[in-house]
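Colleague: Below are the sequence and a predicted model; questions follow.
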Amino acid sequence: MAMAIAVIVLAVGSVLFFFFSPWYLTPLASNWGAIDDTIQITLWVTGAVFLAVNLFLAYVIVRYRYNQRRRSQYDPENKSLELWLTGLTTLGIAGLLAPGLVVWAAFVSPPEDAHEVEVVGQQWHWSFRFPGEDGRFGSAHNRFIDEHNPFGLIDDPAGQDDILITAPHLLLPVDRPVKMVLRSKDVLHNVKVANFRAKMDMVPGQTSYFWFTPTELGEYEIVCAQLCGIAHFAMRGRVEVVEQATFDAWLDDQLTYAEIAARDPGNLEAGESRYTSCAACHGAEGQGNQALNAPKLAGLDAWYLERQLELFRSGARGTHEDDVLGQQMRPFASMLPDRQAIADVAAYIETLPERPLQATLDAGDPERGARRYRTCANCHGQQGQGIRATNGPRLAGMPDWYLERQLQNFRQGIRGRHREDPYGNQMIEMAQVLVDDRAVSDVVAYIATLPQPAMAVAAANARDGEE
């Protein structure tokens, strides 16, 4: 009897928890109320079966409990019972599948007036592409992806006016249907916006799609709903639903493929002239100055330098009240008036000669740090060399005191919390893996042991001389 009562209490309690739980679907912000209806049907069908099975189990426990004066009856064939069970099961399965099939057919049948957006997923980042004035996407293929062509666009006239959005921040107009064309650069991803009731797998080598109509102004989170690697949980973006006029103005400000391709590379001469104000803290050759809390710049890639200077300049970095040193950097970054000036300085810094650094901290254990660094290596490389494809900058050869400070800033949310710093937001999530100060010191100590590029070049030259 006690077992039967426990089964009944658990079954009824589960049902009550569902009805009175504060956790439920996010507010609907699209036209897909039919998906909510399908979810409700699924819950009612499965809930009824769950309750019926558990109550029947409780009944069986009581009705057929042990009785030494009763003999069990073996009845392997009961056609009447089998017909009932088969019929009820058929109705239940039909109730589960039929509504979903109807909604699915509509979900992948966009209206003719839907505008298109391509969503590109990669480890661990979202980017977007709009067709230009011709209304057609240019051809693209993953084998053409490189540092200068992150979307893999082919030399197609239709793609010259395609609008490329490299930041994981998308604007969409309210009350206008949109077809989302999905493509993956590397592994299996799944784009999901819970408020839109919209999600779909992104399979490398294939193109998938769905459509919806945003109905509520606001900002919603894009997540990856498919386990895609070590930083899967940090693969997030934002979709903002705005009025049509706001969307048009934003889209007009974005660059086309042709405009990006035609941008002038950094001018070394102009960059050298602009670098004079940086040299006062970072050194004439970018060697850094710990006394002034100025990190080493020589050896960093231009793409990373450009991004950080733009973050300082726009206020996405260096505005936190506890980031005193970042606040000092902002006025200097503001002296760079535009994107070209930033590119000039970054290009010049990339040419500065690099000299190996000696470790200044001795609190960490490199052996323990090597184990913890395995997570970092997925973005920054096994040798800390940096990986452009994952937007992970170089770590090897960077000052240990600076690395430790930045990791602490990420852990405490002093750096990376700004909404316009998507990679900083990812680093906050990843830095939480380092659970305490000792873990931070261990990782930094291990990074200090990684071969620095200047040392590697010198070693290679020495070997060549011996041969």
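Modeller: Thanks, I have the structure now. Numbering: from 1, shown residues only.

Colleague: so where is the stretch 151-300 of the chain shaky, pLDDT-wise?
Modeller: Low-confidence segments of the stretch 151-300 of the chain (pLDDT under 70): none present.

Colleague: which stretches of it form strands?
Modeller: 163-165, 169-173, 178-184, 189-193, 198-202, 208-212, 218-224, 236-242 (DSSP state E, counting those that start in this stretch).

Colleague: okay, the ones you listed, which one's buried deepest?
Modeller: A comparison of the strands of the stretch 151-300 of the chain by mean neighbour count, using mean count of other Cβ atoms under 10 Å, puts strand 189-193 on top with a mean of 23. In this view, the C-beta of every residue, glycine as well, is placed from N, C-alpha and C.

Colleague: ok, that strand: who's next to it in the sheet?
Modeller: Looking at strand 189-193 with DSSP bridges, its partner strands are strand 198-202 (antiparallel), strand 218-224 (antiparallel).

Colleague: most remote residue from the protein's center?
Modeller: Going by Cα atoms, centre = their mean, the residue of the chain most distant from its centre is R69, 66.2 Å out.

Colleague: domain parsing for this structure?
Modeller: 2-62+83-107, 115-262, 265-355, 360-467 (automatic domain parsing).

Colleague: can you redo those domains as JSON lines with distance to D75?
Modeller: What follows is the domains of the chain, written out as JSON lines (distance: least, Cβ to Cβ, whole Å):
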{"stretch": "domain 2-62+83-107", "distance to D75": "14"}
{"stretch": "domain 115-262", "distance to D75": "47"}
{"stretch": "domain 265-355", "distance to D75": "73"}
{"stretch": "domain 360-467", "distance to D75": "58"}
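
Colleague: residue contacts, V223?
Modeller: Taking Cβ atoms under 8 Å, 6 or more residues apart in numbering, we find V223 in contact with K192, V193, A194, M235, R236.

Colleague: where does it sit relative to P150, distance-wise?
Modeller: 21 Å (Cβ to Cβ, to the nearest Å).

Colleague: Just give the closest residue to L336, not the sequence neighbours.
Modeller: I342 (5.1 Å; Cβ to Cβ, 6 or more residues apart in numbering).

Colleague: residue contacts, the one you found?
Modeller: Here I342 is in contact with E306, L309, E310, R313, L336 (Cβ under 8 Å, 6+ apart).

Colleague: Filter these down to just the ones in helices.
Modeller: E306, L309, E310, R313 (DSSP state H).

Colleague: And the second one, how far from D161?
Modeller: The spacing between L309 and D161, counted by Cβ to Cβ, is 29 Å.

Colleague: In a markdown table: the strands of the stretch 151-300 of the chain, plus distance to V117.
Modeller: Converted to a markdown table, the strands of the stretch 151-300 of the chain look like this (distance: least, Cβ to Cβ, whole Å):
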| stretch | distance to V117 |
| --- | --- |
| strand 163-165 | 9 |
| strand 169-173 | 7 |
| strand 178-184 | 6 |
| strand 189-193 | 11 |
| strand 198-202 | 12 |
| strand 208-212 | 10 |
| strand 218-224 | 12 |
| strand 236-242 | 10 |
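
Colleague: A359: which of the ones you listed is closest?
Modeller: Closest approach to A359 among the strands of the stretch 151-300 of the chain is made by strand 236-242 (34.6 Å; Cβ to Cβ).

Colleague: one step back: so between L309 and D161, which is more surrounded?
Modeller: L309 (23 against 18; other Cβ atoms under 10 Å).

Colleague: so what's that one up against?
Modeller: Counted by Cβ under 8 Å, 6+ apart, L309 has contacts A333, L336, I342, V345, A346.

Colleague: Which of these ranks first by neighbour count?
Modeller: Result: V345 is most packed of the contacts of L309 (other Cβ under 10 Å), 28 neighbours.

Colleague: circling back to that earlier point, looking at the contacts of V223, which is nearest L16?
Modeller: A194 (24.9 Å).

Colleague: where does the closest residue to the closest one other than its chain neighbours sit relative to V239, distance-wise?
Modeller: Using Cβ to Cβ, 6+ apart and skipping residues adjacent in sequence, the residue nearest A194 is T26, 4.7 Å away. According to Cβ to Cβ, T26 and V239 sit 13 Å apart.

Colleague: Is there a neighbour count for A341? I'd like the number.
Modeller: 18.

Colleague: out of the contacts of L309, which are inside helices?
Modeller: Those of the contacts of L309 lying in helices (DSSP H): A333, I342, V345, A346.

Colleague: Check the gap between the second one and V49 for me.
Modeller: To tie it back to what came earlier, the one meant is I342. Taken as Cβ to Cβ, the span from I342 to V49 is 61 Å.

Colleague: about what we covered before: out of the ones in helices among the contacts of I342, which end up buried?
Modeller: E306, L309, E310, R313 (16 or more other Cβ atoms under 10 Å).

Colleague: my read: F144 touches L153, true?
Modeller: Yes. The pair F144 / L153 is scored as a contact, 6.8 Å apart, by Cβ atoms under 8 Å.

Colleague: quick one, which of these two is more surrounded?
Modeller: L153 (23 against 13).

Colleague: so who does that one touch?
Modeller: G138, S139, A140, F144, G159, D162, Y257.

Colleague: returning to that earlier point: tell me which of the ones in helices among the contacts of L309 is nearest to Q358?
Modeller: Nearest member of the ones in helices among the contacts of L309 to Q358, counting by Cβ to Cβ, is A346, at 26.3 Å.

Colleague: Surely the closest one touches Q308?
Modeller: No. With contact taken as Cβ under 8 Å, A346 and Q308 are classed as non-touching, separated by 9.1 Å.

Colleague: Give the residues shared as contacts by these two.
Modeller: By Cβ under 8 Å, 6+ apart, no residue touches both A346 and Q308.

Colleague: tally of neighbours for the nearest residue to S441 once chain neighbours are set aside?
Modeller: Nearest residue to S441, sequence neighbours excluded (Cβ to Cβ, 6+ apart): G364, at 3.4 Å. Neighbours of G364 under the rule other Cβ under 10 Å: 24.

Colleague: Can you give me every residue that contacts the residue nearest the centre of the chain?
Modeller: In the chain, the residue lying closest to the centroid (Cα atoms, centre = their mean) is M235, at 1.5 Å. M235 makes contact with G121, Q123, W124, H125, W126, H189, V223, C224, C228, Q426, according to Cβ under 8 Å, 6+ apart.
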